[in-house]
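>>> Quick one: sequence and predicted model below, then my questions.
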Amino acid sequence: MKKENIVLALLAGEGVAGLIFGFIKNSQVENIFGISSSLIGWILIFALPFISLLGLFITYLIGKKFLFIFQMAKFFLIGVLTTLFDLGIMNILIWIFSISTGWTYNLFKAISFLCATIAKYWGNKFLAFENKEGKDMKKEFAKFLSITMVSFFINIGVASFVVNTIKPQFGLNVIVWANIGGIIALKRLGISLDKNTSLKL
């Protein structure tokens, strides 16, 4: 298994653990099923990268016979990383400007969505499917972006509806709710790849 695949698995696992840890900390829940929430967070930080790497290694072994299994595993991990990348950029902008609602939130979400979508395109092309051919790349990328614009408006619309119309629920603070809005909207990030980055079955 290539080094970049190992790094991909570890980053995805650590990123998910960090996201969960952040949610636990910001929600100010002290115990989950009688276990300290802080302890659960630290266990996840150490355990999830290992679990992620183990899962990718298993699919790598299976992929020696059925390549698409390994490709799908990498595709999934790239999806996880780009989701975290999206939320990370959004949270950095929220932190810098201390704004997590209104039209400014929509702008932050738009910026983070576009950055994550571009990262997902390159990750799937060169890591998941290892398509390193440069032929017609500009045309291919332009096509990808044109398809992306449909999801762009849906993504921003869903996030804005959750954050600005529904507004915080269940006693959650505005920052946690801004992230929940972002996560719900990110369900729309799964854009179909064109024939040059699709699975070679």
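Yep, that arrived. Numbers count the residues shown, from 1 in each chain.
>>> Return the distance of the helix ranked longest in the chain from the chain's centre.
Longest helix of the chain, by residue count under DSSP state H: helix 67-97. Mean-position distance between helix 67-97 and its chain equals 3 Å (Cα atoms, centre = their mean, to the nearest Å).
>>> in it, what's buried?
Neighbour counts using 16 or more other Cβ atoms under 10 Å place 70-71, 73-75, 77-91, 93-94 of helix 67-97 among the buried residues. For the C-beta atoms, the positions are set from N, CA and C on the backbone; glycine is no exception.
>>> Once you drop chain neighbours, what's closest to Tyr105?
Val163 (5.7 Å; Cβ to Cβ, 6 or more residues apart in numbering).
>>> Surely the one you found and Ile175 touch.
No: between Val163 and Ile175 there is no contact, the gap being 10.5 Å when judged by Cβ atoms under 8 Å.
>>> part of a helix, is Ile99?
No: with the criterion set as DSSP: H, G, I helix; E, B strand; the rest coil, the secondary structure at Ile99 is coil rather than a helix.
>>> what's the neighbour count on it?
Other residues near Ile99 number 16, with proximity taken as other Cβ atoms under 10 Å.
>>> residue contacts, it?
Ile99 makes contact with 105, 108, according to Cβ atoms under 8 Å, 6 or more residues apart in numbering.
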